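>>> Build me a model from this:
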Amino acid sequence: MMTRRFVLATALAGLTAVLSAQQAPDRTHPPQPGPPPALTLPTIQKRQLSNGLPVWMVEMHKVPVVQVNLLVFSGTADDPAGKFGVASLTTAMLEEGAGARSALEIADAVDFLGADLGAGTSIDASAVRLHVPVARLAGALPIMADVALRPTFPKDELERLRRERLTNLLQARDDPPTIAALAFSRILYGPAHRYGTAMLGTGATIAAFTPDDLRAFYAATFRPANTALLVVGDVAPDHVMPLLESSFGSWTAQTGAAAHATLPAAPEPARREIYLVDKPDAAQSQVRIGWIGVPRSTPDYFPIQVMNTILGGSFSSRLNMNLREKHGYAYGAGSGFDMRASAGPFAASAGVQTDKTAESLKEFFNELNGILQPIPPDELARAKNYVALRFPGGFETTGDISRKLEDALVYHLPDTYFSQYVQSIQAVTAADVQRVAQKYIQPGRFVVLVVGDRKKIEPGIRALNLGAIKIPAFLYASREDHIVPWQTVYASTRLIGGDVTFVLGGSGHIAGVINPPAKQKRNHWVGDVRSDAGDWLTHARDVPGSWWPEWIAWLKPHAGAMVAAPKSPGNRRFAAIEAAPGRYVKAKAP
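Reported below is the predicted structural model:
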């Protein structure tokens, strides 16, 4: 017995030693990633309703749900001049009353079906999207059709959304990342270009929109010839097509093509420009560096994806490893090309420590200049694997696939685009990356925007000698020695600077009401300041018993400029304001 136990123990020990030798990990180098997983995409089945509305369908039978999107080929880029924000507000209002239902009744009906129904807009498109258990599809489609085809635009709901959006604009003034995003776009594109103003619009346009404005935009863009239906999920074409025909097949619209705006080409800066927006006591400085990038149709799409992944498009990118991991100046840093139907912006960005702002700018430019040099083979391979290996994850759900189909339709991608995506990425060479870097990354011509505490960061930025520092052509107010940013919009500019609200026309004329915020009024004070086409002189004075014992403003435009010289208590000047017609309005402390 003892002999058998000894023999068995010896055999087991020998087997363990052999297995250990076979399975010992190789710790001399990190494991290499495997090949990208095969991406097998289901076929896109294309049909059409009786009214000509295209239908794209993809069958996914793993989960009994279905995604139905009504895609409209008009977005905020199609906002008419003077009505920036109308596309966003129109789409948001679709759910606020449609057919015979109110907003609450729509929400209750959708919840009862266990569905999700929403509407939204982007730069280049708008959509109404329904996600529903396939067993409830027949009940959900008529509700979706009401929202998409028969919105009522009730006035009370419009007023509620208007207040929400105006509040959002006020809150944005205290959010440095939002200030940076809006200011960067305005500097690049200017006030007249749609890309130069927030998708929501401006305080002036939001305040002016009426239900008729929304109906007009809806009628001009929501029409069968300007839309497509996307269906992804546990359905078969023979089952779903009659349901779609019943809900959408009778939809007709006025004759004529949908209204589409033509965006002008925005000029690239000829040399580097430095802008500083003061945000007193900011704990961080928001940095944006870049210029106008490329449209989604660029033939350099795949080399740009790989190049930007190396520069700032992943956690292990050069910018993030430098500013976050090496120096600890920021929680994160990155870069990206915002590709749209027209060329969107390229920006390298981060929120950095206030006391490390100058040092951060130096490292930004080290990396922006460094990407122009040849890329090492191992870094190129890592970047391509990063893009290729994560790409199949974008096709996991019905919602994921429907969004990919939206991109294919909006940007006219070929049917083989997604199935060949990984191969296209892997085909990018080091020469391709260097070529697109040298073409699209030109640090000597970039706009540099910093939003932060000017008193603390300006000396260090000047010492870098990056270029002359400019205060952006956004409205500022001086309240004694404190500089407060004002919001600038295209049609008008409004500030609640803590003491008084100015409303100034973007064309260089003044038209509006001067009124201190309600919470600061003791009695009341209202001054109406209005202008004619050119020459005028007016003033406003408070009423007895109000918050200031005296306030007088003289305003007079002349030869392309206007000057306002208000007075505050103690006869101290509040601000001096200058503007050129059709240009930004700028205020500076006297």
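>>> what are the bridge partners for the residue lying closest to Leu466 once chain neighbours are set aside, then?
Counting by CB to CB, 6 or more residues apart in numbering, Leu466 lies nearest to Ile274, which is 5.4 Å off, once chain neighbours are set aside. In this view, the C-beta of every residue, glycine as well, is placed from N, C-alpha and C. Residues found in beta-bridge contact with Ile274 (criterion: DSSP bridges) are Val448, Ile469.
>>> And the pLDDT at Ile274?
As summarised for this prediction, Ile274 has a pLDDT of 96.
>>> Report how many residues lie close to it.
Counted with other CB atoms under 10 Å, residues neighbouring Ile274 total 19.
>>> go on, Gly203?
For Gly203, the number of neighbouring residues by other CB under 10 Å comes to 23.
>>> again with Gln442
Around Gln442 there are 15 other residues, counting by other CB under 10 Å.
>>> Report the contact partners of it.
Listed by CB atoms under 8 Å, 6 or more residues apart in numbering, the contact partners of Gln442 are Trp291.
>>> For the host helix or strand of Leu380, which outside residues touch it?
Using DSSP states H and E, the element containing Leu380 is helix 377-390. Contact with helix 377-390 is made by 33, 36-37, 305-306, 309-310, 314, 316, 422, 425-426, 428, 430, 433, as judged by CB under 8 Å, 6+ apart.
>>> Break down the stretch 351-500 of the chain into its strands, ranges please.
In the stretch 351-500 of the chain, strands defined by DSSP state E, counting those that start in this stretch lie at 447-452, 469-470, 476-479, 482-485, 492-496, listed in chain order.
>>> no wait, the stretch 201-350 of the chain
Using DSSP E, counting those that start in this stretch, the strands assigned to the stretch 201-350 of the chain run over residues 227-233, 273-278, 284-292, 330-337, 345-353.
>>> Surely the residue nearest to Leu466 touches Ile469?
Yes: applying CB atoms under 8 Å, one finds Ile274 in contact with Ile469, separated by 4.8 Å.
>>> Can you check which residues contact both of these two?
Between them, Ile274 and Ile469 share these contacting residues under CB under 8 Å, 6+ apart: Ile461.
>>> Low-confidence ranges, this protein, go.
Counting by pLDDT under 70, the chain contains low-confidence ranges at 1-23, 255-257, 473-590.
>>> Domain-wise, how is it divided?
The chain breaks down into these domains under automatic domain parsing: 45-248, 273-469, 473-588.
>>> Centre of the chain to the longest one, how far?
Domain 45-248 has its average C-alpha position 16 Å from the chain's average C-alpha position, going by CA atoms, centre = their mean, to the nearest Å.
>>> now do stretch 254-267
21 Å.
>>> Identify the residues contacting it?
Judged by CB under 8 Å, 6+ apart, the contacts made with stretch 254-267 from elsewhere in the structure are 73-74, 77-80, 188-190, 192-195, 219-221, 223, 225-226, 292, 342-343.
>>> List the residues that contact Asn366.
Asn322.
>>> Now do the same for Asn92: helix, strand or coil?
Slight slip there: residue 92 is Ala, not Asn. Under DSSP: H, G, I helix; E, B strand; the rest coil, the three-state class of Ala92 is helix.
>>> tell me the contacts of it?
If a contact means CB under 8 Å, 6+ apart, then Ala92 has 119-121, 161 as its contacts.
>>> Could you pick out which of those are located in helices?
Applying DSSP state H to the contacts of Ala92, the entries found in helices are Leu161.
>>> Now render the contacts of Ala92 as JSON lines, adding neighbour count and distance to Ser335.
Below are the contacts of Ala92 laid out as JSON lines (neighbours: other CB atoms under 10 Å; distance: CB to CB, whole Å):
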{"residue": "Ala119", "neighbour count": "22", "distance to Ser335": "31"}
{"residue": "Gly120", "neighbour count": "14", "distance to Ser335": "26"}
{"residue": "Thr121", "neighbour count": "23", "distance to Ser335": "26"}
{"residue": "Leu161", "neighbour count": "16", "distance to Ser335": "34"}
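>>> quick one: the spatially closest residue to Ala258 that is not a sequence neighbour and Tyr411, what's the gap?
On the basis of CB to CB, 6+ apart, the spatially nearest residue to Ala258 that is not a chain neighbour turns out to be Asn226, at 3.7 Å. Here the distance between Asn226 and Tyr411 works out to 16 Å (CB to CB, to the nearest Å).
>>> So for the two, which residue has more residues nearby?
Per other CB under 10 Å, whichever of Asn226 and Tyr411 has more neighbours is Asn226, with 20 against 17.
>>> still on that earlier bit, so which of the strands of the stretch 201-350 of the chain gets nearest Ala207?
strand 273-278 (24.3 Å; CB to CB).
>>> who touches Pro54 in this structure?
Applying CB under 8 Å, 6+ apart, the residues near Pro54 are 46-48, 228-229.
>>> wait, which of the residues you listed is closest to Pro142?
Proximity of the contacts of Pro54 to Pro142, judged by CB to CB, is greatest for Leu229, which lies at 14.5 Å.
>>> Next, the buried residues of stretch 297-310.
Burial within stretch 297-310, assessed by neighbour count using 16 or more other CB atoms under 10 Å, is assigned to 298, 300-310.
>>> coming back round to it: export the domains of the chain to JSON lines and tack on distance to Pro264?
Supplementary listing: those in JSON lines, determined by distance: least, CB to CB, whole Å:
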{"stretch": "domain 45-248", "distance to Pro264": "6"}
{"stretch": "domain 273-469", "distance to Pro264": "9"}
{"stretch": "domain 473-588", "distance to Pro264": "14"}
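>>> So which bits of stretch 284-300 are buried?
Of the residues in stretch 284-300, 284-294, 296, 298, 300 count as buried by neighbour count, 16+ other CB under 10 Å.
>>> For that stretch, measure first residue to last.
Using CA to CA, to the nearest Å, the span of stretch 284-300 from its first residue to its last is 35 Å.
>>> try stretch 149-156
Where stretch 149-156 begins and where it ends lie 20 Å apart, using CA to CA.
>>> Helices of the stretch 201-350 of the chain, residue ranges please.
Assigned by DSSP state H, counting those that start in this stretch, the stretch 201-350 of the chain shows helices spanning 203-208, 211-221, 237-248, 301-311, 318-320.
>>> what would those look like in CSV with distance to Pro54?
Written out in CSV, the entries for the helices of the stretch 201-350 of the chain read as follows (distance: least, CB to CB, whole Å):
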stretch, distance to Pro54
helix 203-208, 33
helix 211-221, 16
helix 237-248, 11
helix 301-311, 25
helix 318-320, 41
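>>> quick one: which of the ones you listed is nearest Asp407?
Of all these, the one in closest proximity to Asp407, counting by CB to CB, is helix 301-311 (11.8 Å).
>>> got the angle between the closest one and helix 377-390?
Using axes from the mean of the first three to the mean of the last three CA atoms, to 10 degrees, the inter-axis angle of helix 301-311 relative to helix 377-390 is 110 degrees.
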